[in-house]
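[1] dropping the sequence and predicted coords here.
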Amino acid sequence: MMKGGVEYSLEFKRAWYDATQSNLEDMLQTVRGDISAVPDDECHHAAAGLIAHVSDQERVQTYVDFCRNPKVHMAYRIGPKRQHGAFLYFSFKDR
């Protein structure tokens, strides 16, 4: 993807439906591995994205807690009000 002369490489994975801290970490590590393979001269920025659908209200804290993982550089909760929605976690390639 290119914007204003700057090229971006984005890779996304979907977390398991009923994610735990352990499998969120595993999936983030997998997608980080994918962006680590992107050559430095191929793009200016590379980002790994993990999409995690929240299956029920009791699991929300698991997803909130994962936002504090040191490999999560940005996180967003999305979705309509009064619904569980999903979390988007982003991790950027080390340069």
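    Good, I have the coordinates. Given the structure is predicted, the values throughout are model-derived calculations rather than measurements.

[2] for the rest of this, base every contact and every neighbour count on C-alpha atoms.
    Will do.

[3] which ones are touching the nearest residue to Arg32 once chain neighbours are set aside?
    With Cα to Cα, 6 or more residues apart in numbering as the measure, Ala48 is the residue that lies nearest to Arg32, at 5.5 Å, once sequence neighbours are left out. With contacts defined as Cα atoms under 8 Å, 6 or more residues apart in numbering, the neighbours of Ala48 are 10-12, 28, 31-32, 34-35, 90-93.

[4] any idea which element Ala48 lies in?
    strand 45-53 (DSSP states H and E).

[5] beta partners for the residue nearest to Arg32?
    Per DSSP bridges, the residues bridged to Ala48 are Glu11, Ser91.

[6] one step back: now a PyMOL select for only the buried ones of the contacts of Ala48.
    Only the buried entries of the contacts of Ala48 go into this PyMOL selection, using 16 or more other Cα atoms under 10 Å:
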select buried, resi 10+12+28+31+32+34+35+90+91+92+93
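
[7] contacting residues around Ser55?
    17-18, 84.

[8] now the phi/psi pair for it, please.
    Taking degrees, to the nearest 10, you get phi -80, psi -30 for the backbone angles of Ser55.

[9] mind checking the longest helix of the chain?
    Taking DSSP state H as the criterion, the chain has its longest helix at helix 21-36.

[10] does anything pack onto that helix? Which helices or strands?
    Counting contacts by 3 or more Cα pairs under 8 Å, 6 or more residues apart in numbering; DSSP states H and E, the secondary-structure elements packed against helix 21-36 are strand 6-14, strand 45-53, helix 60-66.

[11] what about this structure, any weak spots by pLDDT?
    Counting by pLDDT under 70, the low-confidence segments of the chain come to 1-5, 94-95.

[12] now do 90
    Judged against pLDDT under 90, the low-scoring parts of the chain cover residues 1-11, 15-20, 33-47, 54-60, 79-85, 92-95.

[13] need the contacts of Ser55 in JSON lines with distance to Cys43, neighbour count and secondary structure, can you?
    Compiled in JSON lines, these are given as follows (distance: Cα to Cα, whole Å; neighbours: other Cα atoms under 10 Å; DSSP: H, G, I helix; E, B strand; the rest coil):
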{"residue": "Tyr17", "distance to Cys43": "32", "neighbour count": "10", "secondary structure": "coil"}
{"residue": "Asp18", "distance to Cys43": "34", "neighbour count": "14", "secondary structure": "coil"}
{"residue": "His84", "distance to Cys43": "35", "neighbour count": "18", "secondary structure": "coil"}
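
[14] all set now, cheers.
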